[in-house]
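Enquirer: make a model of this:
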Amino acid sequence: MGTNQILLIVLGVIIVGVAIIAGFGLLEVGYDNNIKDMAVQHVHVIGGLATKYYSTRKELGGGDNSFNGFSIPDNFMSGYSAFDHWLLARQNNILLILNSKIDEYKGKPYRFMAIYNLKGLQELYLFEPDDGQWIKVFSTSDEVELIE
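Expert: All right, here's what the predicted structure looks like:
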């Protein structure tokens, strides 16, 4: 084998290695986006139930123009096991915390916080475990308050 052939083999191995590393990076970004999309879908499913509750009269088991008293039926989300969720129902919106069961972000479960009202999903945050901060992923306006 000549020197040129060895040089081409080494060069080929380096190019393939760089391509594999770049592919893993692209796969990770796509995976993170898929988890965020799943969280948005989960919020919309629960938000649809909350909107139905809001619009139903109190005599029929609804909130009568309020989210107060809304809760998710235990059996409704039993087959949807990607996230554990905690809900705070307030007069005009709901605050939803999602904790992923299977996927990890920087070695910790994904955590999302969402604010939902009659107009739909207003804000979505992702918890950054390294600095303990909530990072805004999505927002329709900056006028929504986290605590009333």
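Enquirer: residues in contact with the lengthiest strand in the chain?
Expert: If you go by DSSP state E, the chain has its longest strand at strand 94-105. Strand 94-105 is contacted from outside by 31-32, 35, 39, 42-43, 46-47, 50, 67, 70, 81-88, 109-117, 126, 129, 146, using C-beta atoms under 8 Å, 6 or more residues apart in numbering. Where C-beta positions appear, they are placed from N, C-alpha and C, glycine not excepted.
Enquirer: of those, buried ones?
Expert: 35, 39, 42-43, 46-47, 50, 67, 70, 82-83, 85, 109-117, 126 (16 or more other C-beta atoms under 10 Å).
Enquirer: about what we covered before: may I have the longest strand of the chain as CSV, with CA atoms only?
Expert: Output of strand 94-105 as CSV, limited to C-alpha atoms (Å, rounded to 0.1, in the frame of the first residue of the first chain):
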residue,chain,number,x,y,z
ILE,A,94,-55.2,27.2,34.3
LEU,A,95,-51.6,26.6,35.3
LEU,A,96,-50.3,23.2,34.3
ILE,A,97,-47.0,21.6,35.3
LEU,A,98,-45.9,18.6,33.2
ASN,A,99,-43.1,16.2,34.2
SER,A,100,-42.0,13.7,31.7
LYS,A,101,-41.9,10.0,32.7
ILE,A,102,-39.5,8.6,30.1
ASP,A,103,-37.3,11.3,28.5
GLU,A,104,-34.5,13.3,30.1
TYR,A,105,-33.1,16.7,29.5
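Enquirer: tell me which of the buried ones among the contacts of strand 94-105 fall in strands.
Expert: Counted as lying in strands by DSSP E, out of these, are Phe83, His85, Pro109, Tyr110, Arg111, Phe112, Met113, Ala114, Ile115, Tyr116, Asn117, Leu126.
Enquirer: between those, which is nearest Ile20?
Expert: Closest approach between these and Ile20, by C-beta to C-beta: Tyr110, at 25.7 Å.
Enquirer: tell me how far the closest one lies from Ile135.
Expert: 12 Å (C-beta to C-beta, to the nearest Å).
Enquirer: need the residues touching each of those two.
Expert: What both Tyr110 and Ile135 touch, as defined by C-beta under 8 Å, 6+ apart, is the set Leu126, Phe127.
Enquirer: residue contacts, the spatially most central residue of the chain?
Expert: Geometric centre of the chain, nearest residue: Ala39, 3.0 Å, by C-alpha atoms, centre = their mean. Residues in contact with Ala39, defined by C-beta under 8 Å, 6+ apart, are Phe83, Leu98, Ser100, Tyr110, Phe112, Ala114, Leu124.
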